[in-house]
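Colleague: the following comprises the amino acid sequence and a computationally predicted model.
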Amino acid sequence: MAAQTMIHLNRLAMDAVRQKNYRRAIDYFTQSLVLEDKMGMRAQMAESFYNMAGAYYLMEDYAQALCKATSAETLFRQENKTEDAAKACNMLREIKEKMDHTGA
């Protein structure tokens, strides 16, 4: 049941992102993270952190985006998800560049 709820929450979150309702997406990703943590699904947690980072980035909340992308990269590396860790590393670089340009 929890796994189905997690999948449903992630779908709702991605729908919210497509609708540009980033705050709602973050709320759904956060709820999903709680379930993923309880179920020990660290790779999925990393993916949720990565998606949250993207939503924060689109909201121009670069500090939160940086925090979530860092969590994603760390978890991806711990789970030996090399390509996903590289993806998160690229996002981190992009966030830092944006922060440098905006003075955030």
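Modeller: That came in fine, so what should we check first?

Colleague: which residues in this structure form helices?
Modeller: 2-18, 22-38, 42-58, 62-78, 82-102 (DSSP state H).

Colleague: please identify the most buried of these.
Modeller: helix 42-58 (a mean of 22; mean count of other Cβ atoms under 10 Å). Using the backbone N, CA and C atoms, a C-beta is placed for each residue, glycine as well.

Colleague: quick check, residue 53 in contact with residue 95.
Modeller: Yes - Residue 53 lies in contact with residue 95 (Cβ atoms under 8 Å); the separation is 7.4 Å.

Colleague: turn the helices of the chain into JSON lines, columns for mean pLDDT.
Modeller: As requested, the helices of the chain are exported to JSON lines (pLDDT from 0 to 100):
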{"stretch": "helix 2-18", "mean pLDDT": "92"}
{"stretch": "helix 22-38", "mean pLDDT": "96"}
{"stretch": "helix 42-58", "mean pLDDT": "96"}
{"stretch": "helix 62-78", "mean pLDDT": "97"}
{"stretch": "helix 82-102", "mean pLDDT": "95"}
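
Colleague: from residue 38, how far out is the residue lying closest to residue 25 once chain neighbours are set aside?
Modeller: Distances taken as Cβ to Cβ, 6 or more residues apart in numbering put residue 16 closest to residue 25, at 3.8 Å, once the chain neighbours are dropped. In this view, residue 16 and residue 38 are 22 Å apart by Cβ to Cβ, to the nearest Å.

Colleague: residue 43 is in contact with residue 72, isn't it?
Modeller: No - the pair residue 43 and residue 72 does not pass the contact test of Cβ under 8 Å, sitting 10.4 Å apart.

Colleague: give me the common contacts of those two.
Modeller: Counting by Cβ atoms under 8 Å, 6 or more residues apart in numbering, the residues touching both residue 43 and residue 72 are residue 84.

Colleague: state the distance from residue 29 to residue 10.
Modeller: 7 Å.

Colleague: which neighbours do those two have in common?
Modeller: With Cβ under 8 Å, 6+ apart as the test, residue 29 and residue 10 both reach 48, 51.
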